[in-house]
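In: got a predicted structure here, sequence first:
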Amino acid sequence: MKTEGHLTFRWSRHWSYDQFFKELPQSAALFDIVPASGGVLKLPRPMLLNSVVRFPTYGRPLINHPVGGARIVKLTVLAQILFISLVQNIHADDASCAPLTRISQRAWIHSSFQTISGYRIGSNGLVIDTSAGVVLIDTCWNDRQTEFLLANIRQQLRKRVILAVITHAYVDRIGGIGTLRRNGIKVTSTTETSDCVRQGGFMVPSPELSPKETVIREGDVAIEVYYPGPGHTKDNITVWLADDRVLFGGCLIKSKESTDLGNVADADVVHWASSVKNLKSKFSNAKIVVPGHGSAGTIELLQHTIDLCPFK
């Protein structure tokens, strides 16, 4: 409906973008998705047409504002789930990309890729080898990639995945939960992440992790899950493998090649630096730090991330 020159929608189910564009001026060729918390995601019309996505608005209105002839859509949503969902089923060429890279005695990085608006974006997760089986930190972008990941783990480690830990509720972390569940793998997260995933319309992990600190013991390995505070998202947790001195910072931590904080759609940029400082203080002896995207590095990645934050 129109109210005072604005177009207001309430979406709580799947919509096609053909329907979406019928509600908006056909002259508009580019939309800036601007979540209430800030950040901009540019969405060209050709990428949107014929895609089907879920807009998790939590019952709040999605409002379209005319600004200088352009259109800006404000969303109080998990914007990254929205943004990545637009294209996660379009680029089948990325479906087989789930290689493993060994970084320590017990840990491997699993990598998956998605092509978004012409850019190939890599995402990192962690594979931890224990005497009881493999613990997976985050899934790939989608179910098909996660199937390849499980196959690679079976082939290279000769073990099955017994547990998966989700570090926050973005699709590059949760997109393969369906595959894990179909393979009988337990998937767990904090309550806050579980709630966010549910509202985003994805398969929900079991909310069994403490928001403060949890030690998971599988076979001969202790895996510490730690919430340092809000940053990239309000629910981002990290994972520490003490014996190997490997810290999985996830999307809270930026790679050395990063020149900004990236997607801040659901970020708490005010407290991001202080959360990373908490992480730096707690795991000051980290030898290898794995960010959610980009190359792994040393503990210097934590200071690099702090330097990128506008509020120190």
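Out: Noted; the coordinates are in hand.

In: quick one, phi/psi of residue 168?
Out: Residue 168 has phi and psi values of phi -170, psi 170 when expressed as degrees, to the nearest 10.

In: ok, it - how many residues close by?
Out: Residues near residue 168, counting by other C-beta atoms under 10 Å, number 28. (Glycine included, C-beta is placed from N, CA and C.)

In: residue 310 too?
Out: 11.

In: look up the closest residue to it, ignoring the ones flanking it.
Out: Of all residues not flanking residue 310 in the chain, residue 269 sits nearest, at 5.9 Å (C-beta to C-beta, 6 or more residues apart in numbering).

In: can you show me the strands along the stretch 201-312 of the chain?
Out: Ranges of strands in the stretch 201-312 of the chain, per DSSP state E, counting those that start in this stretch, are 206-209, 213-218, 221-226, 238-241, 246-250, 288-291.

In: most neighbours per residue, which of the ones you listed?
Out: strand 246-250 (a mean of 29; mean count of other C-beta atoms under 10 Å).

In: any idea of the mean pLDDT in that one?
Out: Mean per-residue pLDDT for strand 246-250: 98.

In: likewise stretch 276-295?
Out: Over the span of stretch 276-295, the pLDDT mean works out to 97.

In: okay, how far is it across stretch 285-293, tip to tip?
Out: Using C-alpha to C-alpha, to the nearest Å, one end of stretch 285-293 lies 22 Å from the other.

In: now do stretch 233-242
Out: End-to-end distance for stretch 233-242: 25 Å, by C-alpha to C-alpha.

In: what lies in contact with it?
Out: For stretch 233-242, the surrounding residues in contact (C-beta atoms under 8 Å, 6 or more residues apart in numbering) are 104, 106-107, 126, 128, 137, 165, 167-170, 189-190, 192-193, 196, 209, 221-228, 230, 246-253, 266-268, 279, 283, 286.

In: and if you look at stretch 276-287?
Out: Residues contacting stretch 276-287 (C-beta under 8 Å, 6+ apart): 104, 226, 228-229, 231, 238, 240, 244-247, 249, 252-253, 298-299, 302-303, 305-306, 309.

In: nothing else from me, thank you.
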